[in-house]
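In: missing the sequence, but the structure's below:
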Ligand code: PBG
């Protein structure tokens, strides 16, 4: 035998030498949930090690992540029902705890990069990402609301905005609004290929952001989020987002859509982000809890698979658990 691939696997140092992909803290984005008030953080039973933080307590968590080399955070608000309305007006309210908290985090930790969530669902009585009228989700009327929300977030200090709503034309609309308001350095990480997935369940439970149970409005998001069966359509969305000025393209979920990550990686020159979503992480967390899987190895292999598929940046509820692993 002339060819013996095992020669390159003989020792730990040889394996390290020929290793093609690595996941480091620089690749990871930490998702953080934030609620109003001053209470203590509440742990999510489906996502061990993840909490709903409050304005004061989130600072300690950010400091702890920074000390581990995790420097980028994506923040999601849990909004009290009393603040919700049809037009998601609290999303632009200067008193909004989410906006205030971002300002406080950036003034304390200017080295942290903060990514926002641009969508109506946390603030909407309907629980949809767009404006609901006559039983449907309006596209163009939603764009104005998203643009106002974006300007409020840029003003609050978010470095990168994350439109997660899947309305047509929103990246270009938001880009223009930001530029007109003087925020040309604020980036856009577009949820380019966001699928109408069953794997957002734990997130919606944690944040009370699911579409409301009302027979007169759509019970799911399939008229704006993508059909899980489609991949060519992801390329179409990627081309539109690129033309509209997106700085990053995101695929969401990640693990069940590794082929989409790879397709966009090959198609586009833009950085690709992948969102390892709540349901995907919860499946793993449950198996680990039962002792069916080795925690550290399962987490590392999962994140590596997303990187190998072509993601430059990975949003995962296991980001901190991964970087805390012994070498
Ligand atoms: C809201 C939003 C969702 C997620 C991120 N932003 C939920 C949804 O679209 O219904 C899901 C993230 C996760 O499951 O971890 N627009």
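Out: Sure, I can see it. It should be emphasised that the depicted structure is a prediction, and the values quoted were computed from it without experimental measurement.

In: Buried residues, the lowest-mean-pLDDT helix or strand in the chain. List them.
Out: Lowest mean confidence among the helices and strands of the chain (mean pLDDT, DSSP states H and E): helix 201-207, at a mean of 93. Neighbour counts over helix 201-207 (16 or more other C-beta atoms under 10 Å) mark 202, 203, 206, 207 as buried. Where you see a C-beta, it was placed from the backbone N, CA and C, and this is true even at glycine.

In: do the same with stretch 242-256
Out: Neighbour-count burial for stretch 242-256 [16+ other C-beta under 10 Å]: 242, 244-255.

In: do stretch 41-49 as well
Out: Neighbour count says stretch 41-49 has 41, 44, 46, 47, 48 buried, by 16+ other C-beta under 10 Å.

In: thinking again about what came up before, what's the spacing between the least confident helix or strand of the chain and its chain's center?
Out: Offset of helix 201-207 from its chain centre (C-alpha atoms, centre = their mean, to the nearest Å): 13 Å.

In: Give the other helices and strands that it contacts.
Out: Applying 3 or more C-beta pairs under 8 Å, 6 or more residues apart in numbering; DSSP states H and E, one finds that helix 201-207 makes contact with strand 72-78, helix 278-289.

In: Quickly note the distance from the closest residue to residue 214 other than its chain neighbours to the ligand.
Out: Counting by C-beta to C-beta, 6 or more residues apart in numbering, residue 214 lies nearest to residue 126, which is 7.6 Å off, once chain neighbours are set aside. Distance of residue 126 to the ligand, given as C-beta to the nearest ligand atom, to the nearest Å: 12 Å.

In: quick revisit: could you dump the buried residues of stretch 41-49 into CSV and include pLDDT?
Out: Below are the buried residues of stretch 41-49 laid out as CSV (pLDDT from 0 to 100):
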residue, pLDDT
41, 97
44, 95
46, 91
47, 93
48, 89
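
In: quick one: pLDDT of the spatially closest residue to residue 43 that is not a sequence neighbour?
Out: Leaving aside its sequence neighbours, residue 43 sits nearest to residue 51 (C-beta to C-beta, 6+ apart; 5.2 Å). Note on residue 51: pLDDT of 97.

In: quick revisit: so which of the buried residues of helix 201-207 is the closest to residue 60?
Out: Lowest distance from residue 60 to the buried residues of helix 201-207 (C-beta to C-beta) belongs to residue 206, with 19.7 Å.

In: Can you tell me how far the spatially closest residue to that closest one that is not a sequence neighbour is from residue 180?
Out: Spatially, and ignoring its direct neighbours in sequence, residue 206 is nearest to residue 44 (5.4 Å; C-beta to C-beta, 6+ apart). Taking C-beta to C-beta, to the nearest Å as the measure, residue 44 falls 39 Å from residue 180.
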